[in-house]
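Undergrad: the sequence and its predicted three-dimensional model are supplied below.
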Amino acid sequence: MIFGMRFNGKIMFMEGTIQEIKNKVDIATFIGSFISIKKTGRNYKALCPFHQEKTPSFVISPDRQIWHCFGACQDGGDVIKFLMKWENISFIEALRELADKFGIRLKDVRFEDQEWKRKEKIMRINKLTTDYYEYILHETKYGNTAQEYLRKRGLNEKVIKTFHLGYAPSSWHSLLKFLQKKFTLEDILTSGLVITSEKGTVYDRFRGRLIFPIKDARSNVIGFSGRLLEDKAKEAKYINTPETLLYHKRESLYAIDIAKDQIKKQNNVYIVEGEFDVLSPFQIGIGNIVAIKGSALTREQLMLLKRYTNKITLALDSDVAGEEAMKKGIEEAEDLEFDVDVVVFDYAKDPDEAARRDPTLFKKGIKDPIPFYDFIIQILVKKFPQDNPYNKKQIANTAVFFITKIKNPIVKSHYVKKLATLLDVSESSIESLLRLTNRKKERKFILSSQPKYSHMRREDIIQKYLLSLLFQSANPYKFVDEYFKLFSIEDFSLPSLKKLYHYFTDFRKSNKEFHLDYFIKTIPQELHPVFDEIYLMASLDNEFKNEKIEKLIYEIKRYSLKYRIAQILSSESSEKKETENSLRLMGKELTRVEKMIVAL
Ligand SMILES: [Zn+2]
């Protein structure tokens, strides 16, 4: 079946192609290749990769070929939507990637996704710029000083070419003139490669600088970093592409495109602070290494790394400023349940120098990291060296803040003892400080982790849950006969659920057996998201899991009766006698239902 369809008001595509992708790609296998998933009944569940959580609220249904996050995201969809979110890409990009991967031809796809078009244009400008700067570095005399500089820093040709380093000549307009042969000024401006002065003249951003192209995990050049060859008092040593449609500093990791496979393979990533701190270790064989742009490790960067590993090793500059900057990222890393280790090279000022000065020692050093907590204690002792009560308090307060996060009781106790010995105080004093910090933290935790569905009434959630059980049961008709005897369609408080149940009873009238795929076809498109969410809900642990189904049904009945009684009481009915009669009946029924709830 091939027909055109409007998407987002902008994109035209062929439903047939999308269907072909969905038929070819099994959603559970596909998502399972990115995150670990666990079978539960007919569905799979997992820790949601799109928000931080400790109990799984991410469900995948192979029957429906959909996923849904019942946690903070409250979002879901098909395999295309998953890839869009995972790679942070547009619908068309995801479609293309899937089609590529599974050998489906996309020739019929026409689209007009304006944002994607603009992004793609910046990518093309960036790619051309990379080639241009590379050419200047390798093929022209303007690149000589930069070549010499790189040689002095000990980098070989292979590394320089692998990372596509380049050189921006000391000229105000050379790149601009070059790009204008192929692109309009308007487009070039969106790339951030040129700057408009106050007087309105446009000039190159990078001048007389060594150029490092910054790529995303899929090897698109998203921006650039430029370094001066010699320190000048007036100019910044490094400048970067400003925030553009494509480049977001918080999300980018230098060398992720080259390092990602090694990170996955070794289940560990070394995080450093600068481009050269990536290149020199890379040259001596360390492939699982990336640099953060800017001084702090962000949540976005950690989320990106979480796709490949759950272990990070910080390779820090030896100055305290670097250590302080890293500390901020640690809370996020703990939050996302990374194991965090630290390597420090005390014989050099940064990983670049350390790798160049003594490759053997460097390789030994990075294989022997210290746990993050030891590192924290070390820098605190360095920061507050004097042996007096005030310094001890400072050290203890900060160290304890991190120690409270340790889950394993043996490890925790190890650090309590260590800290007590170091400060020459009793272990119990450290423990009482831990309890104090914990109490503060718990209060914060309760505030930040509102239960899912907290915005919904209990009766509404129960109704969703009951319908979820119904549709997931091996035999929905039998389920209804067994449990829904007491139940009528009026008892649903949410119109969407009422409708869904209505379609179900209708379906039953004309179908001897329940068949999920046929049933889906009978419900209107706008109810599909409601159905999908309900269908997956029962796969999760929730507050009703241990309650008897009958009891939950009586609860719904009770809500429904109370609601109807309240409605009658508030309306001014002319048929007084009839009203009284039905009120009496409902009251009686309510008493019976209340009794049943207590009895069950
Ligand atoms: Zn989520």
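TA: Thanks, I have it.
Undergrad: and whichever residue of the stretch 301-450 of the chain sits closest to the ion, what element?
TA: At 11.4 Å from the ion, Met303 is the closest residue in the stretch 301-450 of the chain, using C-beta to the ion. C-beta here means a position set from N, CA and C on the backbone, and glycine is covered the same way. Under the criterion of DSSP states H and E, Met303 resides in helix 299-306.
Undergrad: what is that helix packed up against?
TA: Counting contacts by 3 or more C-beta pairs under 8 Å, 6 or more residues apart in numbering; DSSP states H and E, helix 299-306 packs against strand 253-254, helix 320-335.
Undergrad: report the buried residues of the helix or strand that Lys158 is a member of.
TA: Here Lys158, judged by DSSP H and E, is contained in helix 157-162. Neighbour-count burial for helix 157-162, counted by 16 or more other C-beta atoms under 10 Å, picks out 159-160.
Undergrad: residue ranges with poor pLDDT in the chain?
TA: 1-15, 107-113, 233, 294-295, 318-328, 407, 439-456, 572-578 (pLDDT under 70).
Undergrad: all helices of the stretch 151-300 of the chain, in order?
TA: For the stretch 151-300 of the chain, applying DSSP state H, counting those that start in this stretch gives helices covering 157-162, 174-180, 185-190, 256-266, 275-283, 299-306.
Undergrad: measure Lys119 to Leu246 for me?
TA: 5 Å (C-beta to C-beta, to the nearest Å).
Undergrad: that older thread, output the contacting helices and strands for the helix holding Lys158.
TA: Helix 157-162 packs on helix 275-283, going by 3+ C-beta pairs under 8 Å, 6+ apart.
Undergrad: report all helices and strands that the helix it packs on contacts.
TA: helix 157-162, strand 269-272, strand 289-292, helix 351-357.
Undergrad: now with 7 Å, please.
TA: Identification of packing neighbours for helix 275-283 by 3 or more C-beta pairs under 7 Å, 6 or more residues apart in numbering; DSSP states H and E yields helix 157-162, strand 289-292, helix 351-357.
Undergrad: mind putting the ones you listed in CSV, distance to the ion included?
TA: As requested, the helices and strands packed on helix 275-283 are exported to CSV (distance: least, C-beta to the ion, whole Å):
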stretch, distance to the ion
helix 157-162, 36
strand 289-292, 25
helix 351-357, 35
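Undergrad: what's the closest of the ones you listed to Leu436?
TA: Evaluated over the helices and strands packed on helix 275-283, closeness to Leu436 peaks at strand 289-292, with 33.0 Å, by C-beta to C-beta.
Undergrad: neighbouring strands for the closest one, and are they parallel or not?
TA: strand 253-254 (antiparallel), strand 269-272 (parallel) (DSSP bridges).
Undergrad: chain center to the first one, what's the gap?
TA: The chain centre lies 16 Å from the centre of strand 253-254; the measure is C-alpha atoms, centre = their mean, to the nearest Å.
Undergrad: try stretch 375-384
TA: For stretch 375-384, the distance to the chain centre is 32 Å (C-alpha atoms, centre = their mean).
Undergrad: could you do stretch 158-177 as well?
TA: 33 Å.
Undergrad: what residues does that stretch touch?
TA: 129-130, 132-134, 136-137, 142-143, 146, 150, 188, 193-194, 202-204, 206-213, 226, 258, 279, 282-283 (C-beta atoms under 7 Å, 6 or more residues apart in numbering).
Undergrad: and the longest helix anywhere in the chain, which residues are buried?
TA: Longest helix in the chain, counting residues (DSSP state H): helix 114-139. For helix 114-139, the neighbour count (16+ other C-beta under 10 Å) marks 116, 119-126, 128-130, 132-134, 136-138 as buried.
Undergrad: what parts of the protein come near the ion?
TA: 48, 50-51, 69, 71, 73 (C-beta under 5 Å from the ion).
Undergrad: which stretches of the stretch 301-450 of the chain form strands?
TA: For the stretch 301-450 of the chain, applying DSSP state E, counting those that start in this stretch gives strands covering 311-316, 339-344, 370-371.
Undergrad: what's the angle from the second one to strand 311-316?
TA: It refers to strand 339-344. 20 degrees (axes from the mean of the first three to the mean of the last three C-alpha atoms, to 10 degrees).
Undergrad: strand partners (parallel or antiparallel) of strand 339-344?
TA: Partners of strand 339-344, by DSSP bridges, with direction: strand 311-316 (parallel), strand 370-371 (antiparallel).
Undergrad: can you tell me what sits against it?
TA: 310-316, 318, 330, 333, 365-366, 369-372, 375.
Undergrad: could you redo the last one with a cut-off of 6 Å?
TA: 311-316, 333, 365-366, 369-370, 372, 375 (C-beta atoms under 6 Å, 6 or more residues apart in numbering).
Undergrad: top of those residues by neighbour count?
TA: Neighbour counts for the contacts of strand 339-344 peak at Ala315, which has 30 neighbours (criterion: other C-beta atoms under 10 Å).
Undergrad: give the contact list for it.
TA: Ala315 neighbours (C-beta under 6 Å, 6+ apart): 270, 272, 343, 351.
Undergrad: which one of those has the most neighbours?
TA: Pro351 (31 neighbours).
Undergrad: can you count the residues close to the nearest residue to it once chain neighbours are set aside?
TA: Using C-beta to C-beta, 6 or more residues apart in numbering and skipping the chain neighbours, the partner closest in space to Pro351 is Asp277 (4.2 Å). Neighbour count for Asp277, taken as other C-beta under 10 Å: 26.
Undergrad: contacts for the helix or strand hosting Tyr503?
TA: Secondary structure from DSSP H and E places Tyr503 in helix 495-510. The contact list for helix 495-510, computed with C-beta under 6 Å, 6+ apart, reads 463, 489, 492, 519, 522-523, 530.
Undergrad: hmm, 8 Å instead?
TA: Contact partners of helix 495-510, identified using C-beta atoms under 8 Å, 6 or more residues apart in numbering, comprise 463-464, 467, 470, 476-477, 480, 489, 492, 514, 518-519, 522-523, 527, 530-531, 534.
Undergrad: of the residues you listed, buried ones?
TA: Buried residues within the contacts of helix 495-510, counting neighbours by 16+ other C-beta under 10 Å: 463-464, 467, 470, 476-477, 480, 492, 514, 519, 523, 527, 530-531, 534.
Undergrad: show me which pair in those residues is furthest apart.
TA: The largest separation in these, counting by C-beta to C-beta, is between Tyr477 and Val530 at 21.0 Å.
Undergrad: what about the nearest residue to Glu431 once chain neighbours are set aside, neighbour count?
TA: In space, and not counting its chain neighbours, Glu431 is closest to Val416: 6.2 Å by C-beta to C-beta, 6+ apart. By other C-beta under 10 Å, 21 other residues sit near Val416.
Undergrad: these two touch, right, Thr244 and Leu189?
TA: No. The criterion here is C-beta atoms under 8 Å, and Thr244 misses it with Leu189 at 9.8 Å.
Undergrad: out of these two, which sits in the more crowded spot?
TA: Using other C-beta under 10 Å as the criterion, Thr244 and Leu189 rank with Thr244 on top: 18 against 15.
Undergrad: how far away is that one from the ion?
TA: Between Thr244 and the ion the computed distance is 28 Å (C-beta to the ion, to the nearest Å).
Undergrad: let me see the contact set for the closest residue to that residue other than its chain neighbours.
TA: Nearest residue to Thr244, sequence neighbours excluded (C-beta to C-beta, 6+ apart): Gly192, at 4.7 Å. Each residue near Gly192 by C-beta under 8 Å, 6+ apart is listed here: 205, 223, 241-244, 247.
Undergrad: how about 10 Å then?
TA: Taking C-beta atoms under 10 Å, 6 or more residues apart in numbering as the contact definition, Gly192 lies against 122, 125-126, 205, 223-224, 240-247.
Undergrad: surely Asp532 is in contact with Phe70?
TA: No. Assessed by C-beta atoms under 10 Å, Asp532 is found out of contact with Phe70, at 11.5 Å.
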